[in-house]
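K.L.:
predicted model, plus sequence, below.
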Amino acid sequence: MRQTNSFAALVFFVVLSIGAALTYAMYGISVSWGSNRLIAAALIVAVVVSFASPRNARSPRIPCR
């Protein structure tokens, strides 16, 4: 079973928040195609980046001799 990673969730929300802030700064509160596309792009980038974040930030275990 896959373990959840709080760092990946944090990265997801940070990237999505930046995308939402950028959309709001460019279009305000509107229902235009441009704002919808920008939010969709931010959501896709946030998902990709959060899945690409390291699962285990600790150093790899080196066997003792």
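P.N.:
Good, I have the coordinates.
K.L.:
can you tell me which residues contact T23?
P.N.:
Contacts for T23 (Cβ atoms under 8 Å, 6 or more residues apart in numbering) come out as S35, L38, I39, A42. For glycine as for every other residue, the C-beta is placed from the backbone atoms N, C-alpha and C.
K.L.:
just the ones of those in helices?
P.N.:
The helices in this structure, assigned by DSSP state H, contain S35, L38, I39, A42 from the contacts of T23.
K.L.:
nearest to S17 among those?
P.N.:
Minimum separation from S17 among those (Cβ to Cβ) is found for A42, which lies at 8.8 Å.
K.L.:
rewinding a little: tell me the one among the ones in helices among the contacts of T23 nearest to V14.
P.N.:
Checking the ones in helices among the contacts of T23 against V14 by Cβ to Cβ gives A42 as the nearest, at 11.0 Å.
K.L.:
what about that closest one, how many residues close to it?
P.N.:
19 (other Cβ atoms under 10 Å).
K.L.:
please apply the same query to I18.
P.N.:
Using other Cβ under 10 Å, the number of residues around I18 comes to 13.
K.L.:
report the longest helix in this structure, please.
P.N.:
Secondary structure of the chain per DSSP H: the longest helix is helix 6-27.
K.L.:
buried ones in it?
P.N.:
The neighbour-count criterion (16 or more other Cβ atoms under 10 Å) identifies A8, V11, F12, V15, L16, G19, A20, T23, Y27 as the buried residues of helix 6-27.
K.L.:
low-confidence ranges in this protein?
P.N.:
Within the chain, the ranges that satisfy pLDDT under 70 run 1-4, 53-65.
K.L.:
if we can go back for a sec, please produce a ChimeraX select command covering the buried subset of the ones in helices among the contacts of T23.
P.N.:
Buried residues within those, as defined by 16+ other Cβ under 10 Å, are selected in ChimeraX through the command that follows:
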select :35,38,39,42
